[in-house]
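Participant: requesting a structural model of the entry that follows:
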Amino acid sequence: MSAFSDSLKKYIGMKSETEIACDPVEHGAVRRYAQAIMYEDPIFAKACENNERYGGPVAPPLFPTHLFRRPLGTEDPIQANARNPDFDGIVAATSSQGLPNIEPLNGYALLNGGSEIEFFRYALRGERVKLVSHYADIIEKETSKGPIVLVVTESEYRTGEGELLIRTRRTQIRRK
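Facilitator: You can find the predicted model right below:
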């Protein structure tokens with residue numbers, strides 16, 4: 001095991017603070033999201049026979065993952081770095097779902113290595129959604145193109161009352 005591996009190992013298991021989405025699930029945002037994904041199921045629009053078992057109108061299954069945005073009145077990281085010639089526009093790499101930046105990987109390129117998603121239930125209109133993430137694993141691999149680091153992050157999206165909506169497992173590929 002390399003010294004690099006040792007410096008990465010300390011990040012495994014690190015957990016974010018609980019983040020609460022700046023907005024509750026609301027009709028207009030659900031409508032725009034359903035239109036954007038081109039899946040305008042009537043269960044998203046109004047109370048009907050097909051959504052009464054869920055308690056009324058619901059949001060599309062992955063909608064809660066898109067609720068975590070920059071609230072109005074907070075600094076825009078793109079605008080804040082507009083004159084920084086070294087800024088590459090990758091905001092997510094420096095702050096992955098509330099987790100600390102993995103310092104030994106500074107300067108490494110970021111690639112999407114895929115996502116696994118478990119769906120437990122639909123979010124209902126008016127519900128607040130909260131998010132907690134942790135680094136599940138960090139793996140070094142040697143490839144034909146050189147070394148890479150796989151960073152696996154697990155996140156849970158829950159209602160304000162703590163009921164599990166979605167669990168995600170995302171892999172980032174980091175390389176020089």
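Participant: when you work out contacts or count neighbours from here on, use the C-alpha atoms and nothing else.
Facilitator: OK.
Participant: which one's the longest helix in the chain?
Facilitator: Ranked by residue count and defined by DSSP state H, the top helix of the chain is helix 27-36.
Participant: helix, strand, or coil at the most far-flung residue of the chain relative to its centre?
Facilitator: Within the chain, residue 49 marks the point farthest from the mean C-alpha position, 31.9 Å out by Cα atoms, centre = their mean. Here residue 49 is recorded as coil under DSSP: H, G, I helix; E, B strand; the rest coil.
Participant: where do the strands sit along this protein?
Facilitator: Remark: strands assigned in the chain by DSSP state E are 19-20, 109-119, 129-143, 146-159, 164-175.
Participant: switch these over to a markdown table; also include mean neighbour count, distance to residue 85 and mean pLDDT.
Facilitator: Converted to a markdown table, these look like this (neighbours: other Cα atoms under 10 Å; distance: least, Cα to Cα, whole Å; pLDDT from 0 to 100):
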| stretch | mean neighbour count | distance to residue 85 | mean pLDDT |
| --- | --- | --- | --- |
| strand 19-20 | 16 | 31 | 94 |
| strand 109-119 | 13 | 17 | 95 |
| strand 129-143 | 18 | 30 | 96 |
| strand 146-159 | 19 | 26 | 96 |
| strand 164-175 | 19 | 21 | 96 |
